[in-house]
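**Q** Sequence and predicted model, in that order:
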Amino acid sequence: MRVVLFGATGMVGRGVLRACLLAADVSEVLSIGRTPGAQSHPKLRELIVPDLFDYSAVEDQLRGYDACFFCLGVSSAGMTERDYARLTYDLTLAAARVLAPASPAMTFVYVSGAGTDSSERGRSMWARVKGRTENALLRLPFKAVFLFRPGVIEPLHGVRSKTRSYRMLYILMAPLLPLARRLWPDAILSTDSVAAAMLSVARSGASRPVLEAREIRAAAMRPASAGSRGDSVDNTNSANNTNSANNTGGAPALRRGRRWLAGVAVLALLIALAAALLAGCATFGQLPSGPQLTTIERSPEWHDGRFNNPEPVWINLRAAMSRLFDRDPEARPSAPVAVVRSRGQQFLQAPDSGLRVTWLGHSSTLLEIDGLRVLTDPIWSEVASPVEWAGPRRWYAPPIALDDLPPIDVVLISHDHYDHLDYATVMRLKQGGALFVVPLGIGAHLRRWGVPERRIVELDWWQATSVGGVRLTATPARHSSGRVRPATDRTLWAGFALNGPAHSAYYSGDTGFFPALREIGSRLGPFDVTLIESGQYDADWPDLHLGPEQAVAANVLVRGRTMIPVHWALFALAHHPWSEPPERVLAAARCADVRVLVPQPGASIEPTVPQSIARWWPLPPPNLAQVSGAQRMPVVATRAGDPARRFAAAGCDAERLAGR
C-alpha cells in the first residue's frame, strides 16, 4: 500500500507515520509539507510544497497512491470564521481536489473532530467549518472517504501536541487518564489506536463514512490481514478498556466516579490554563509591569498587591462548588432565541433623538450618544474562554457581523473576564481607529495584543476622558478581575458614565450592590438610559452580581430614567432559567415605578422615545410559575462581606433597598 500523509509533524500525524512505517503492507509513505521533517526511513519520502494551496508543480508525483491520511489541522481559538475556513476548508480541499483525479483508487481519511456539525448551521464556528469540509470531501470521486471524529486522544511514544495550551493540558491530565479510560472506554483513544484505525479502513473499509470515537476504537481492534502486520502497535488502550468498564462497581459507583473525575478534571484544566499563561499563550493577555504598574500602585483602590472593592465581597464557596456540575435544563434555551439580524443598514442614518441603543446580547451594546458611537464589552467569539475547546458557548451567532458595524469611536471595556474582554474581537477591532477606554491595568492586555499605545486610555474610578464632546467617566463597581491566573484582581473593574451635550447614559459593567451607586447618581446622573447587569446571578455569590431586583434598585440609586437589562440571553454562566431575568426585572420595576425596555438582541431602540416592546422571550416553565424567582433564588448583597448582614430583602422591597 502506497500512502500519502499530511501533517506528519503534528501529534496525530506522528502517530500515523510511526504506524505506517511499522506496517509490513505499507511500501511507501509520501509525507507532504512545507518544510523537511527530522525523520528518515527507507519507506519515507518527503515532498516539499512551499504553498499548500497550489500543487500544480507536483501533480505528476501524486499518481498511483492507495490511501491519503490527512492529519493537518489548526485550533480555531482567536480566529475569525473566514481565517479558520481558509486553513481548514480551503487548505484541505486544495489537496483533495488534486489527489482525487491523480489517484482515483485512493481511500481518503480526514481527521475532523468530535462535535463536527454536518448541517453546517450550528452555533459553533469550528464545527460548522469542519462539517462543510467533510461534506465537500464526500462529494469528491475517491474510491472511499472516511471522516474520523475522535474526542480525547492520548499521545504515546513521546508524541506531543504542537499547540502549547493542548500540550500543557495533556501533561497535567496524564495522571487522570487511567481512570478516564475506565469510566469512558469508548471515548479515550490514543495516537496508536487512531493510526491503527486509519490503516484498517484503508485496507478493509468501514460500514459508514463518519467514524466517531466508538467506531474508531472498533476499527483499530480489527485484526490486520496476514502479512500486513509489522512490529506491534499498542492498542491496549482500547482492548483493556472493555474489561475495566465492567468492573466499576455498578451504576451508582460509576456516577460517583464520573462526578469526582469531572471535579478533578476542572481543577486540572484550571491549572493547565494557568500554566499555558505562563508559557505565553496570547489569549491570556499579560499583567501590568514597569511604568504602568507604578501608576497602578498609586491608585487608592490598590492595597496589598491587588485592587480592592469599595465593599468587601462574600462567596459561599463550598455551596457553589457543590453545585458546580448541576444541570438546570432551563438555563439554556430549548428553541432558537428571537434575534433581529441585520447588515447594519440602520446605522446609515443617525438617530432622530440623538440617543440609540443596539443590544447585541450579554453585555455587548452599541450605544450612539450625541454623535459618538460606543461599543461596550464586545464579544463576537463562539466561546467565552481562552481556548475554543472549553468554556461557555454562545447560543446564537452575532446579530450583526463585525464587518457590518459602522465606524466605532470608542470601545469601552468594564473588566477583563472572558465574557467582557474577548481576544479575537479585540484583534479585529484594533484594525479600525477606535479608542479603547478601559480601567487601570487592562491596557497591558491590549498592548500585548498589538493595540497602539495612542489608542489606549486607562482610567481609575472617577477619572474621565472626553471624546467627541462626550465625557466618559469610570465609576466604582463591586466585582473582581482575572483571566485564570495564579494572581487575580491585578486589573481594575468599573462601570462607565457617559455625559454628552444633550444626553447621558450609564453602563454598570459587572457589579454587586453597594452604597456608592447613590454617589454615582448624585455626581454624574440623572441618566437618560442605564444598561444594568441583571443576569448570571446566584445566591451563593450575591456580592458579585446584582440580580434582577437589585438591578432595579441600582437604577433608582443612579437616577436612571429608562433601564435596559443586560448581561443575559447569550451564555449560561449561572443556574437560573435563562429567561428569568427580564421577568424578575419587570416585576421589581412595577414595585419601584421604573421604566424598563427589554429589546431583542440585535434590535435598535431610542430609549427617550415613548414606546413599548412586546415580550419576545418565553414565559417561565409551568413548574416554576407558582413561585416567584425572587422567592426561589433571592440575591441579596452582604454588608462589608458579612453574610449575617444584608442590605435588604429581594422582591418588592426594591424601593426600600434603594432607600426611598
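**A** Looks like it arrived, so ask away.

**Q** So T294, which state does it fall into?
**A** Following DSSP: H, G, I helix; E, B strand; the rest coil, T294 is assigned to helix.

**Q** Do you know the pLDDT at it?
**A** T294 carries a pLDDT value of 92.

**Q** residue ranges with poor pLDDT in the protein?
**A** In the predicted model, the chain carries pLDDT under 70 at residues 77-78, 157-187, 224-280, 324-327, 484-487, 620-633, 649-660.

**Q** Enumerate the beta-bridge partners assigned to the residue most central in space within it.
**A** The centroid of the chain falls nearest to V383 when counting by Cα atoms, centre = their mean (1.6 Å). V383 has these beta-bridge partners by DSSP bridges: R393.

**Q** State the distance from it to S76.
**A** 9 Å (Cβ to Cβ, to the nearest Å). C-betas here are computed from N, CA, C, even on glycine.

**Q** Then V556?
**A** According to Cβ to Cβ, V556 and S76 sit 44 Å apart.

**Q** Surely L570 and D377 touch.
**A** No. With contact defined as Cβ atoms under 8 Å, L570 does not count as touching D377 (11.2 Å).

**Q** Pull up the overlap in contacts between those two.
**A** Shared contacts of L570 and D377, defined by Cβ atoms under 8 Å, 6 or more residues apart in numbering, are found at H362.

**Q** do you know how far F436 is from G450?
**A** Counting by Cβ to Cβ, the gap from F436 to G450 is 12 Å.

**Q** who has more neighbours, those two?
**A** The neighbour comparison of F436 against G450 (other Cβ atoms under 10 Å) goes to F436, with 22 against 11.

**Q** What separation do you get for the more buried one and H445?
**A** F436 sits 10 Å away from H445, taking Cβ to Cβ as the criterion.

**Q** same deal with W617?
**A** 33 Å.

**Q** Between those two, tell me which one has more neighbours.
**A** The neighbour comparison of W617 against H445 (other Cβ under 10 Å) goes to H445, with 26 against 18.

**Q** ok, now which ones touch the more buried one?
**A** H445 makes contact with G285, Q286, D416, L421, V426, R483, T491, according to Cβ under 8 Å, 6+ apart.

**Q** Can you give me the neighbour number for the fourth one?
**A** Around L421 sit 25 other residues, with neighbours defined as other Cβ under 10 Å.

**Q** for the last one, same thing?
**A** The number of residues packed near T491 is 29, by other Cβ under 10 Å.

**Q** which residue packs closest to it, ignoring adjacent ones?
**A** Excluding the flanking residues, the one nearest T491 by Cβ to Cβ, 6 or more residues apart in numbering is G441, at 3.2 Å.

**Q** Looks to me like I32 is in a strand.
**A** Yes. Assessed by three-state DSSP, I32 belongs to a strand.

**Q** Was I right to think it contacts V4?
**A** Yes. Here I32 reaches V4: they are 6.5 Å apart, a contact under Cβ under 8 Å.

**Q** Convert the strand or helix carrying R373 to CSV, retaining C-alpha atoms only.
**A** Element membership for R373, per DSSP states H and E: strand 372-376. The C-alpha coordinates for strand 372-376 follow below in CSV (Å, rounded to 0.1, in the frame of the first residue of the first chain):
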residue,chain,number,x,y,z
LEU,A,372,-20.5,59.3,19.3
ARG,A,373,-20.5,55.5,18.7
VAL,A,374,-19.5,53.5,21.7
LEU,A,375,-19.2,49.7,21.8
THR,A,376,-19.4,48.1,25.3
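
**Q** Use 405 as the first number from now on
**A** All right, first residue 405 from here; so that's strand 776-780.

**Q** So in that sheet, which strands flank it, and in what orientation?
**A** Note on strand 776-780: by DSSP bridges, its sheet partners are strand 769-773 (antiparallel), strand 814-816 (parallel).

**Q** so which of the ones you listed comes closest to R745?
**A** Of all the strands paired with strand 776-780, strand 769-773 sits nearest to R745, with 14.4 Å by Cβ to Cβ.

**Q** which residues touch the closest one?
**A** For strand 769-773, the external contacting residues (Cβ under 8 Å, 6+ apart) are 751, 754-755, 758-764, 777-781, 809, 812, 874, 902, 904, 907-909, 911, 935, 970.

**Q** Narrow those residues to those in strands?
**A** Among the contacts of strand 769-773, the members found in strands (DSSP state E) are 759-763, 777-780, 874, 902, 908-909, 911, 935, 970.

**Q** which one among these gets closest to G795?
**A** V970 (20.1 Å).

**Q** would JSON lines of the strands paired with strand 776-780 with distance to Q465 be doable?
**A** Listed next are the strands paired with strand 776-780 as JSON lines, based on distance: least, Cβ to Cβ, whole Å:
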{"stretch": "strand 769-773", "distance to Q465": "53"}
{"stretch": "strand 814-816", "distance to Q465": "50"}
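
**Q** what's the neighbour count on F552?
**A** 27.

**Q** just so I have it, where are all the strands in the stretch 605-754 of the chain?
**A** For the stretch 605-754 of the chain, strands defined by DSSP state E, counting those that start in this stretch occupy the ranges 614-616, 706-707, 710-711.

**Q** now the stretch 855-1004 of the chain
**A** Remark: strands assigned in the stretch 855-1004 of the chain by DSSP E, counting those that start in this stretch are 860-863, 868-871, 874-879, 899-903, 908-911, 933-937, 966-970, 999-1000.

**Q** Of those strands, which is nearest K834?
**A** Distance to K834, taken as Cβ to Cβ, is lowest for strand 860-863 among these, at 10.1 Å.

**Q** neighbours around Q696, how many?
**A** Residues lying near Q696 (other Cβ under 10 Å) number 17.

**Q** R852 is in contact with that one, correct?
**A** No. Using Cβ under 8 Å, Q696 and R852 do not qualify as a contacting pair, with a distance of 11.5 Å.

**Q** count of residues packed around R418?
**A** Neighbour count of R418, defined by other Cβ under 10 Å: 25.

**Q** Look at it and tell me its secondary structure.
**A** Following three-state DSSP, we place R418 in the helix state.

**Q** tell me the SS of Q1015?
**A** Assignment for Q1015 (three-state DSSP): coil.

**Q** Could you measure from it over to R927?
**A** For Q1015, the distance to R927 - Cβ to Cβ - is 30 Å.

**Q** before we move on, the earlier item: how far off strand 874-879 does the strand holding R777 point, in degrees?
**A** Orientation check (axes from the mean of the first three to the mean of the last three Cα atoms, to 10 degrees): strand 776-780 against strand 874-879 gives 30 degrees.

**Q** can you list contacts of strand 776-780?
**A** The contact list for strand 776-780 (Cβ under 8 Å, 6+ apart) reads 767-772, 809-816, 818, 833, 838, 871-874, 876, 900, 902, 904, 911, 935.

**Q** Just to check, the residue nearest to T895 is in contact with E862?
**A** Yes. Contact criterion Cβ under 8 Å: G845 and E862 qualify, at 7.2 Å.

**Q** Looking only at neighbour counts, state which of those two leads.
**A** Applying other Cβ under 10 Å to G845 and E862 shows that G845 carries more neighbours, namely 27 against 23.

**Q** Which parts of the stretch 855-1004 of the chain are helices?
**A** 920-928, 951-962, 984-996 (DSSP state H, counting those that start in this stretch).

**Q** Would you mind putting the CA coordinates of the shortest one into CSV?
**A** So the one you mean is helix 920-928. Taking Å, rounded to 0.1, in the frame of the first residue of the first chain, the C-alpha atoms of helix 920-928 are listed here in CSV:
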residue,chain,number,x,y,z
ALA,A,920,-21.6,54.1,46.2
LEU,A,921,-24.2,53.6,43.5
ARG,A,922,-26.0,56.6,45.1
GLU,A,923,-22.9,58.7,44.7
ILE,A,924,-22.7,57.8,41.0
GLY,A,925,-26.2,59.1,40.6
SER,A,926,-25.6,62.3,42.6
ARG,A,927,-22.3,63.2,40.9
LEU,A,928,-23.0,62.1,37.3
